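Trainee: Sequence first, predicted model second:
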Amino acid sequence: MKKVVVGMSGGVDSSVTAFLLKEQGYDVKGVTMQTWEVGAVHGLALINDAKKVAEALDIPHAIIDYNDVFKKEVIDYFVAEYLNGRTPNPCTVCNRFVKWESLLKYCHDIGADYVATGHYAQVRRISLISKTSSAKRVSPVNKTPFDANPPARYTLKKSSTTAKDQTYALYNLTQEQLSKTLMPLGEYTKDEVRQIARHKNIPVADKPDSQEICFIPDDDYAGFITRNAASSNLLVPPPGNFVTTTGEILGIHKGITHYTIGQRKGLGLAMGHHVFVTEIRPATNEVVIGENEDVFSAVLKCNRLNFMGMADLPIPRKVTAKIRYAHQGEKAEIKMISADEILCTFENPVRAITPGQAVVFYEGDYVLGGGTIC
């Protein structure tokens, strides 16, 4: 019997994941990762919910302290990015360097075969395209021929429910991590998951989904950054100037950590019409203000690359590029411009390309890879 470690957050998704895998015959053990938010009532409630679910499913459950690695890999990164005028995506970093790294280590320590999570995505093993192919078999990624015995890679396929697809936040996972990962919810809708939970009397069947970053439950990003920067003896940027692209001063901002590209609300500028943040300049402590059309761009560069459904990018390639979780994606061409940098050119300009956020490249429903917008 294969043994699987399920990361249990106390929510309905990870709870149904544990149930489904047990039903499929796996030896299931639930693990709740004790991270940054555990000292708060919110964090303790998550652990208690996970315990209740494990008891209801009659599976063993463990709580493991990962505060140190979470602080180093997620919190410190999050704060540093904001202090440098970027808007980070902590989930992509947490997934690779905290959740999967820690769960796989625990998996190895207890002799388990797989880790599993409640993400809405599908792990797939695909054959790579061969440069010297003469066979007529077809890649599931881009429908081009490949050799009869080519190398293979693991990648992610989008969830069957577009509204809940989470492949964007998972693009940074490595080949080793994917090869040992199960994601049974990729073929279900959210409604179906809740129906399973209700039918099987899983205690959190109707628990609302979390909407905020887990370690900032009050949604006060700037306050969180200020507190944690101070505890690490880092300087928080002071108030500075709102300026136009030509340098005209429009007013005083509260500090660059309060703003992100494309932001309209909370600027406090009496301009007589809607204006938007178009650039953040940490070197001069300025926030640049412009019109709606100024927020659109057709080009981005990204680095910190992770290839998934392709091993590398030797030539320009047509893809669909997604620049934020809620973005539907836009047709684009990507090409390597250095060893760890891609230039992405969109067919149509996209709104609010934001340094620090992830850009993820797809062919059809498959993830090719992605990087951090720089």
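Mentor: That came in fine, so what should we check first? Numbering: from 1, shown residues only.
Trainee: Would you mind listing the outside residues contacting stretch 264-273?
Mentor: 242, 250-251, 253, 258-259, 274-277, 289 (CB atoms under 8 Å, 6 or more residues apart in numbering). Yep, even glycine has a C-beta here, placed from its N, CA and C like the rest.
Trainee: Out of those residues, which end up buried?
Mentor: Neighbour counting by 16 or more other CB atoms under 10 Å classes 242, 250, 253, 258-259, 275-277, 289 among the contacts of stretch 264-273 as buried.
Trainee: Among those, name the ones in strands.
Mentor: 242, 250, 253, 276-277, 289 (DSSP state E).
Trainee: Tell me which two in those are the farthest apart.
Mentor: 253 and 276 (13.4 Å; CB to CB).
Trainee: Pull out the buried positions in stretch 259-272.
Mentor: 259-263, 267.
Trainee: will you turn the residues you listed into JSON lines that also has pLDDT and distance to residue 45?
Mentor: Putting these into JSON lines (pLDDT from 0 to 100; distance: CB to CB, whole Å) gives the following:
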{"residue": "259", "pLDDT": "95", "distance to residue 45": "32"}
{"residue": "260", "pLDDT": "95", "distance to residue 45": "29"}
{"residue": "261", "pLDDT": "96", "distance to residue 45": "34"}
{"residue": "262", "pLDDT": "95", "distance to residue 45": "33"}
{"residue": "263", "pLDDT": "95", "distance to residue 45": "31"}
{"residue": "267", "pLDDT": "94", "distance to residue 45": "35"}
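Trainee: Pull out the C-alpha coordinates of the strand or helix carrying residue 64 and format them as PDB.
Mentor: Using DSSP states H and E, residue 64 sits within strand 61-65. In PDB, the C-alpha atoms belonging to strand 61-65 read as follows (Å, rounded to 0.1, in the frame of the first residue of the first chain):
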ATOM      1  CA  HIS A  61      -2.400  13.500  12.100                       C
ATOM      2  CA  ALA A  62       0.800  15.400  13.000                       C
ATOM      3  CA  ILE A  63       1.600  19.100  13.600                       C
ATOM      4  CA  ILE A  64       5.000  20.200  12.600                       C
ATOM      5  CA  ASP A  65       6.700  23.500  13.400                       C
END
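Trainee: please begin residue numbering at 891 from this point
Mentor: Noted, 891 is the first residue going forward, which turns the last one into strand 951-955.
Trainee: For that strand, name the packing helices and strands.
Mentor: strand 917-924, helix 931-947, helix 991-1000 (3 or more CB pairs under 8 Å, 6 or more residues apart in numbering; DSSP states H and E).
Trainee: hey, least reliable of those by pLDDT?
Mentor: For these, the stretch scoring lowest in mean pLDDT is helix 931-947; its value is a mean of 84.
Trainee: In that one, which residues are buried?
Mentor: For helix 931-947, by 16+ other CB under 10 Å, it's 933, 936-937, 939-944, 946-947.
Trainee: The residues you listed: which two are farthest apart?
Mentor: 933 and 947 (21.7 Å).
Trainee: Low-confidence ranges, the stretch 1041-1190 of the chain, go.
Mentor: Scanning the stretch 1041-1190 of the chain for pLDDT under 70 picks out 1101-1102.
Trainee: quick one: the helices in it?
Mentor: 1065-1069, 1080-1089, 1111-1121 (DSSP state H, counting those that start in this stretch).
Trainee: and the last one, which residues are buried?
Mentor: Judged by neighbour count using 16+ other CB under 10 Å, the buried positions of helix 1111-1121 are 1111, 1114-1116, 1118-1119.
Trainee: rewinding a little: nearest to residue 1124, out of the buried residues of helix 931-947: which one, please.
Mentor: The closest of the buried residues of helix 931-947, once distances to residue 1124 are taken by CB to CB, is residue 933, at 24.3 Å.
Trainee: Count the neighbours of residue 1208 for me.
Mentor: Using other CB atoms under 10 Å, residue 1208 has 12 neighbouring residues.
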